[in-house]
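> What would the 3D arrangement of this be:
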Amino acid sequence: MENPTEFVHWLRSVAPYIHAFRGKTFVVAFPGELVAAGALPVLAHDLSLLHALGIKVVIVHGSRPQVAEQLALRNVEGRFHKGLRITDGAALECAKEAAGELRLDIEAAFSQGLPNTPMAHAAIRIISGNFVTARPMGVIDGIDHELTGIVRKIDAETIHSILATGSLVLLSPLGFSPTGEAFNLPMEDVALKAATALHADKLIFITETPMMLDQGGEDIRELSSHQAEAVLLANFLPADAAYYLDTCVKACNAGVARSHIVPFAMDGSALLELFTHDGVGTMISHVNLESLREATIEDVGGIIKLIEPLEADGTLVYRGRELIEREIEYFSVIEHDGVIFGCAALYPFPAEKMAEMACLTVNPEVQGQGDGERILKHLENRARARGFTKLFVLTTRTAHWFLKRGFQHATVDALPKDRLKMYNWQRKSQVLIKTL
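The predicted structure is shown next:
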């Protein structure tokens with residue numbers, strides 16, 4: 001290994017995500033184009049890793065190019081209306097054949113176990129079945145969609161019981177009516193209804209579409225569902241990307257916390273999207289993904305993980321779990337997609353109308369993005385709201401950062417009396433004070 005230190009740092013940086021995702025349910029959907037592009041084996045490796053990390057995975061596959069191939073072999077031309085296939089009897093037979101072949105290909109991909117590959121020792125079981133009840137889509141714009149259907153119901157109870165055994169669940173874009181009819185379904189509809197019925201934590205589309213761009217040509221990384229609706233109304237996205245985005249908005253509005261649209265052209269895109277701060281795709285949520293708020297007792301573990309490295313190298317004074325639990329009311333945190341990336345504490349000294357800001361920490365992975373400044377302003381506002389006129393910090397290594405933000409050097413004697421009694425003369429921390 002060329003750089004063991006870098007590897008250890010990287011592994012530690014993904015630990016918060018691993019803890020946050022364990023036991024969660026992810027619905028991962030991909031189009032037939034991914035299989036046609038030869039990307040299925042790599043995706044199987046990545047989804048197997050998610051499974052190994054304790055994530056419950058439901059897979060939904062599409063089959064459009066495979067159905068088109070089957071139709072071409074029969075010299076039958078495919079018919080579409082607004083991007084949806086009109087499924088006659090011949091097209092339904094082709095959809096059945098395509099789904100059967102794809103199911104076998106997917107099962108084979110998850111059955112790999114060669115040594116020195118990501119699938120070694122995996123022993124994953126993937127279960128499929130008649131979990132999707134469907135009905136005809138019917139007549140739209142005067143056009144009968146025949147055997148094209150939409151999902152009526154997902155057998156969530158059975159799927160949950162399968163996931164509880166440690167198996168993966170595979171859903172094909174086919175559904176069945178109570179009378180025994182089969183219907184060809186849009187992959188996106190199956191994924192949406194599955195994620196909703198299962199109360200999934202994430203719906204992830206691994207797509208043939210490239211990264212979504214705004215009208216200025218910049219990457220669209222994160223959207224609230226309201227922002228996504230505005231993007232759809234602006235009508236500048238390509239049709240395929242707009243369809244995925246519309247499905248994600250529906251998922252978020254139906255209670256799915258996060259939806260992702262991730263291009264499969266990049267190797268390992270699913271892992272990069274899930275285990276890095278900025279990801280490589282577009283994330284849609286019902287609310288803003290990032291929040292700056294006062295801490296609760298549930299945040300203690302995240303705060304400890306964040307400050308431990310700085311305590312170890314002497315930048316911060318050691319605080320045990322019990323102390324943080326006792327003082328949690330003084331802390332504020334900044335979180336992104338459920339993972340804490342920054343924190344600070346505000347300790348009051350009402351007699352002198354002063355407050356101490358301590359334990360200001362931002363994850364090294366996201367430093368330079370202004371989170372430290374946002375936390376500082378948040379604590380300044382908290383201090384002003386409580387009638388304090390001065391904010392002070394004690395630091396051994398970061399004085400320059402505070403000086404650039406309006407703090408000034410002061411003597412130890414300028415500290416509140418109660419704080420002066422606790423001053424550590426061995427650390428010889430610099431005292432910096434800012435008038436609010």
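> is the nearest residue in space to Ile140 that is not next to it in sequence in a bridge, and if so with what?
Counting by Cβ to Cβ, 6 or more residues apart in numbering, His81 is the residue found nearest to Ile140 once chain neighbours are left out, at 6.9 Å. In short, each C-beta sits where N, CA and C put it, glycine included. Beta bridges link His81 to Leu84 when assigned by DSSP bridges.
> mind listing what His81 touches?
Under the criterion of Cβ atoms under 8 Å, 6 or more residues apart in numbering, the neighbours of His81 are Ile140, Asp141, Ile143, His145.
> For PyMOL, what selects the buried ones among those?
Of those, the buried ones can be selected in PyMOL as follows, counting by 16 or more other Cβ atoms under 10 Å:
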select buried, resi 145
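> gap between Thr87 and Glu222?
The spacing between Thr87 and Glu222, counted by Cβ to Cβ, to the nearest Å, is 36 Å.
> so where does Met393 fall, helix or strand?
Actually, residue 393 is Val. It isn't Met. Element membership of Val393, judged by DSSP states H and E, is strand 390-395.
> would you put the C-alpha positions of the very next helix or strand once past that strand in PDB?
Counting by DSSP H and E, the element after strand 390-395 in chain order, helix or strand, is helix 399-403. Extracted C-alpha coordinates of helix 399-403, given in PDB (Å, rounded to 0.1, in the frame of the first residue of the first chain):
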ATOM      1  CA  ALA A 399      -5.700  32.500  17.000                       C
ATOM      2  CA  HIS A 400      -5.200  33.800  13.400                       C
ATOM      3  CA  TRP A 401      -8.600  32.400  12.300                       C
ATOM      4  CA  PHE A 402     -10.300  34.300  15.100                       C
ATOM      5  CA  LEU A 403      -8.300  37.500  14.600                       C
END
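> partners of the very next helix or strand once past helix 399-403 in the sheet?
Stepping forward along the backbone from helix 399-403, the first helix or strand reached (DSSP H and E) is strand 408-410. In the sheet containing strand 408-410, its partner strands are strand 430-435 (antiparallel), by DSSP bridges.
> List the buried residues for the strand it pairs with?
Applying a neighbour-count criterion of 16+ other Cβ under 10 Å, one finds Gln430, Val431, Leu432, Ile433, Lys434 buried in strand 430-435.
> okay, those in TSV with distance to Thr395 and pLDDT next?
As requested, the buried residues of strand 430-435 are arranged in TSV below (distance: Cβ to Cβ, whole Å; pLDDT from 0 to 100):
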residue	distance to Thr395	pLDDT
Gln430	6	95
Val431	9	96
Leu432	7	96
Ile433	12	97
Lys434	13	95
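> where exactly do the strands run in the stretch 51-200 of the chain?
In the stretch 51-200 of the chain, the segments counted as strands under DSSP state E, counting those that start in this stretch are 56-61, 80-81, 84-85, 126-128, 132-136, 139-140, 143-144, 149-154, 168-171, 174-176, 182-184.
> from memory Pro263 sits against Ser269, does it?
Yes: counting by Cβ atoms under 8 Å, Pro263 does reach Ser269; the two are 6.0 Å apart.
> joint contacts of the two?
Listed contacts common to Pro263 and Ser269 are Ile206, Val280, Gly281; contacts here mean Cβ under 8 Å, 6+ apart.
> Out of the residues you listed, give me the one that has the most neighbours.
Using other Cβ atoms under 10 Å as the neighbour definition, those reach their maximum at Gly281, which records 28 neighbours.
> quick one: that one from Ile340, how far?
Gly281 is 23 Å from Ile340, where distance means Cβ to Cβ.
> of Thr87 and Glu222, who's got more company?
Just comparing Thr87 and Glu222: by other Cβ under 10 Å the higher neighbour count belongs to Thr87, 25 against 19.
> so can I have CSV of the shared contacts of Pro263 and Ser269 showing distance to Tyr318?
Formatted as CSV, these follow (distance: Cβ to Cβ, whole Å):
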residue, distance to Tyr318
Ile206, 44
Val280, 37
Gly281, 39
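> Return the member of those nearest to Glu373.
The shortest approach to Glu373 among the shared contacts of Pro263 and Ser269 belongs to Val280, at 26.3 Å (Cβ to Cβ).
> List the residues that contact the residue nearest to that closest one when sequence neighbours are not counted.
Nearest-residue entry for Val280: Leu272, 4.5 Å, with adjacent residues in sequence omitted and distances by Cβ to Cβ, 6+ apart. Contact partners of Leu272, counting by Cβ under 8 Å, 6+ apart, are Met266, Gly279, Val280.
> a markdown table please, covering these and showing secondary structure.
Compiled in a markdown table, those are given as follows (DSSP: H, G, I helix; E, B strand; the rest coil):
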| residue | secondary structure |
| --- | --- |
| Met266 | coil |
| Gly279 | coil |
| Val280 | coil |
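> okay, who's weakest in these by pLDDT?
Of all those, the one the model is least sure of by pLDDT is Gly279, with 88.
> Can you tell me how far it is from Lys390?
With distances defined as Cβ to Cβ, the gap from Gly279 to Lys390 amounts to 40 Å.
> With Leu49 instead?
Noted for Leu49: a distance of 51 Å to Lys390, by Cβ to Cβ.
> got it, and Asn235?
Noted for Asn235: a distance of 53 Å to Lys390, by Cβ to Cβ.
> of the two, who's got more company?
With other Cβ under 10 Å as the criterion, Asn235 and Lys390 differ in neighbour count, and Lys390 comes out ahead with 18 against 7.
> my read: the more buried one touches Pro350, true?
No: applying Cβ under 8 Å, one finds Lys390 not in contact with Pro350, separated by 12.0 Å.
> re the thing from before, can you tell me the element the residue nearest to Val280 falls in?
Following DSSP H and E, one finds Leu272 within helix 269-275.
> so which of the buried residues of strand 430-435 comes closest to Tyr244?
Closest approach between the buried residues of strand 430-435 and Tyr244, by Cβ to Cβ: Lys434, at 47.2 Å.
> just checking, Asp240 is part of a helix?
Yes: counting by three-state DSSP, Asp240 is found in a helix.
> Just the CA trace of the helix holding Leu272, in PDB.
As requested, the backbone C-alpha atoms of helix 269-275 are provided in PDB (Å, rounded to 0.1, in the frame of the first residue of the first chain):
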ATOM      1  CA  SER A 269     -20.700   6.300  -8.400                       C
ATOM      2  CA  ALA A 270     -23.100   4.800  -5.900                       C
ATOM      3  CA  LEU A 271     -20.400   4.600  -3.200                       C
ATOM      4  CA  LEU A 272     -19.100   8.000  -4.000                       C
ATOM      5  CA  GLU A 273     -22.600   9.500  -3.800                       C
ATOM      6  CA  LEU A 274     -23.300   7.800  -0.400                       C
ATOM      7  CA  PHE A 275     -20.000   8.100   1.400                       C
END
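> For the stretch 201-350 of the chain, just list every one of the strands.
Using DSSP E, counting those that start in this stretch, the strands found in the stretch 201-350 of the chain span residues 202-207, 222-224, 258-263, 282-285, 290-294, 331-336, 339-349.
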